[in-house]
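*Asks:* turn this into a structure:
(one chain, ligands or ions: 2)
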Amino acid sequence: MSSRNDVKTIIGGAEFIDEGARILKEGGLVAFPTETVYGLGADAFNPQAVKDIFTAKGRPQDNPLIVHFASVEDVKMAVKEIPPVAYKLWERFSPGPLTLVLPKNDKLPLITTAGIQTVGIRIPNHPIALELIKKSGTGIAAPSANTSGRVSPTRAIDVYEDMVGKIPLILDGGQTDVGIESTVLDLTKDIPIVLRPGGVTIEMLTEVLDKVINHKGEVIVAESPGMKYKHYAPTCPCVGARAPSSAFAEYCKHDNGVIVGRNSFIKALPSDVTVASLGESPAECMRNIFSLLRDLEKKYDYIIIEDFSSEAEYFALYNRLKKTTGNVIV
Ligand code: AMP
Ligand code: MG
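*Replies:* Numbers count the residues shown, from 1 in each chain. Ligands and ions are numbered 1, 2, ... in the order given. I've put the predicted structure just below:
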């Protein structure tokens, strides 16, 4: 058991990185800054050093540690295989606050992963962390550098409060940038699952992934490029209408509205309704649609457009109008 005065704890800046790397190689513990929070590091491949992390933190043995590397190339030291999607995510978010859970290899001791066959991997975006990891020449297992259950440390002095007398060195990199822990994303299932939300948001992940399950268990499907931005939208409210009857009902609810559609659609409306024609053929409708919307938005306060979703020849038009109406169909 360690008492407060077992080890002399020093706080030092970047000039102590070499010393930190030496301690890690010899199986000791070093606290260091990352962009999320401060980590309590040990050589991930040294079971005794990893055990000392659990002891220093009072961390339950069933809570796996994240292993930190300085480059994507080095990740191979700890994992069995790297799926293409991991490379895509790293290309976009590494170094950064994203931890990927991947199948571990046999070289990585089970104590590091709390007995499970997967490992959380992260490449932190902090110059001191990256240099320390590079110089140590190994993967660094590092949970947050607080006593288990306490608030995560975002300054060297916070680490000191919890770790004084327990570890020899705290590298000081000032206050951390992100301030909360990394996003943990499990890539070992069919659809990637967010196990812990963090610095990289779901929206950011769907820039790379087609589908992701959020930490509440909901499947989030990525929109195709550009879909998430407002497009083709008039300056006044605009909805789609499946039939002349529903268009008319909607029209009656609003002041100064207009119904837009093909001649055949418009013909089915009562004669006193304000209407605008797109023409009839697909080519005609496509030619007219944008100029017509620009003219109508200046004159009217509510636009109701014929919905083309069920007609194959009008698919390109429907594709634009879906965004115009925000896919609201009456
Ligand atoms: P901390 O070290 O306090 O930042 O916590 C690390 C987080 O990552 C914990 O919530 C762990 O449960 C999670 N984690 C680490 N490795 C794995 C893994 N192999 N599988 C699932 N979750 C993991
Ligand atoms: Mg923690």
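*Asks:* so what's the residue in the stretch 201-330 of the chain that ligand 1 sits nearest to closest to, chain neighbours aside?
*Replies:* As assessed by C-beta to the nearest ligand atom, ligand 1 sits closest to residue 215 within the stretch 201-330 of the chain, at 10.8 Å. Every residue, glycine included, has its C-beta placed from N, CA and C. The shortest distance from residue 215 to any non-neighbouring residue, by C-beta to C-beta, 6 or more residues apart in numbering, is to residue 194 (4.7 Å).
*Asks:* shouldn't the one you found be within a strand?
*Replies:* Yes: the assignment for residue 194 is a strand, going by DSSP: H, G, I helix; E, B strand; the rest coil.
*Asks:* element containing the residue in the chain sticking out farthest from the centre?
*Replies:* Distance from the C-alpha centroid of the chain, by C-alpha atoms, centre = their mean, peaks at residue 271 (52.9 Å). Remark: residue 271 resides in no helix or strand, with elements defined by DSSP states H and E.
*Asks:* which parts of stretch 70-81 are buried?
*Replies:* 70, 72, 74-75, 77-79 (16 or more other C-beta atoms under 10 Å).
*Asks:* cool, stretch 275-294 as well?
*Replies:* Buried, per 16+ other C-beta under 10 Å, within stretch 275-294: 275-278, 282, 285, 288-289, 292-293.
*Asks:* one more: stretch 80-91?
*Replies:* 82, 86, 89-90.
*Asks:* stretch 177-195 too?
*Replies:* 178, 181-187, 192-194.
*Asks:* tell me how far it lies from the chain's centre.
*Replies:* 7 Å (C-alpha atoms, centre = their mean, to the nearest Å).
*Asks:* stretch 27-45 too?
*Replies:* Taking C-alpha atoms, centre = their mean, the mean C-alpha location of stretch 27-45 is offset from the chain mean by 24 Å.
*Asks:* for stretch 315-330, same thing?
*Replies:* 28 Å.
*Asks:* CA atoms only for it - export them in PDB, please.
*Replies:* Taking C-alpha atoms only, stretch 315-330 is exported to PDB below (Å, rounded to 0.1, in the frame of the first residue of the first chain):
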ATOM      1  CA  PHE A 315     -37.500  11.900 -60.300                       C
ATOM      2  CA  ALA A 316     -34.900  14.600 -60.800                       C
ATOM      3  CA  LEU A 317     -37.500  17.200 -60.200                       C
ATOM      4  CA  TYR A 318     -38.800  15.400 -57.100                       C
ATOM      5  CA  ASN A 319     -35.200  15.200 -55.800                       C
ATOM      6  CA  ARG A 320     -35.000  19.000 -55.800                       C
ATOM      7  CA  LEU A 321     -38.500  19.600 -54.500                       C
ATOM      8  CA  LYS A 322     -38.000  17.300 -51.600                       C
ATOM      9  CA  LYS A 323     -35.500  19.800 -50.300                       C
ATOM     10  CA  THR A 324     -37.600  22.700 -51.200                       C
ATOM     11  CA  THR A 325     -40.500  21.400 -49.100                       C
ATOM     12  CA  GLY A 326     -38.200  19.900 -46.400                       C
ATOM     13  CA  ASN A 327     -40.100  16.700 -47.400                       C
ATOM     14  CA  VAL A 328     -43.200  18.000 -45.700                       C
ATOM     15  CA  ILE A 329     -46.100  16.500 -47.700                       C
ATOM     16  CA  VAL A 330     -49.800  17.200 -47.100                       C
END
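*Asks:* low-confidence ranges, this protein, go.
*Replies:* 1-5, 223-230 (pLDDT under 70).
*Asks:* about what we covered before: ok, the buried residues of stretch 70-81 vs residue 125, which is closest?
*Replies:* Among those, residue 70 lies closest to residue 125 (C-beta to C-beta), at 11.1 Å.
*Asks:* state whether residue 203 is indeed within a helix.
*Replies:* Yes: checked against three-state DSSP, residue 203 lies within a helix.
*Asks:* number of nearby residues for it?
*Replies:* 10 (other C-beta atoms under 10 Å).
*Asks:* near ligand 1, which residues of the stretch 101-250 of the chain show up?
*Replies:* 101, 113, 116, 118-120, 143-144, 181, 184, 195-196 (C-beta under 6 Å from any ligand atom).
*Asks:* the lengthiest helix in the chain packs against which elements?
*Replies:* Identified as the longest helix of the chain according to DSSP state H is helix 282-299. With contacts taken as 3 or more C-beta pairs under 8 Å, 6 or more residues apart in numbering; DSSP states H and E, helix 282-299 sits against strand 257-261, strand 275-277, strand 302-306, helix 315-324.
*Asks:* got JSON lines for those, with distance to ligand 1 too?
*Replies:* Formatted as JSON lines, those follow (distance: least, C-beta to the nearest ligand atom, whole Å):
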{"stretch": "strand 257-261", "distance to ligand 1": "53"}
{"stretch": "strand 275-277", "distance to ligand 1": "57"}
{"stretch": "strand 302-306", "distance to ligand 1": "48"}
{"stretch": "helix 315-324", "distance to ligand 1": "38"}
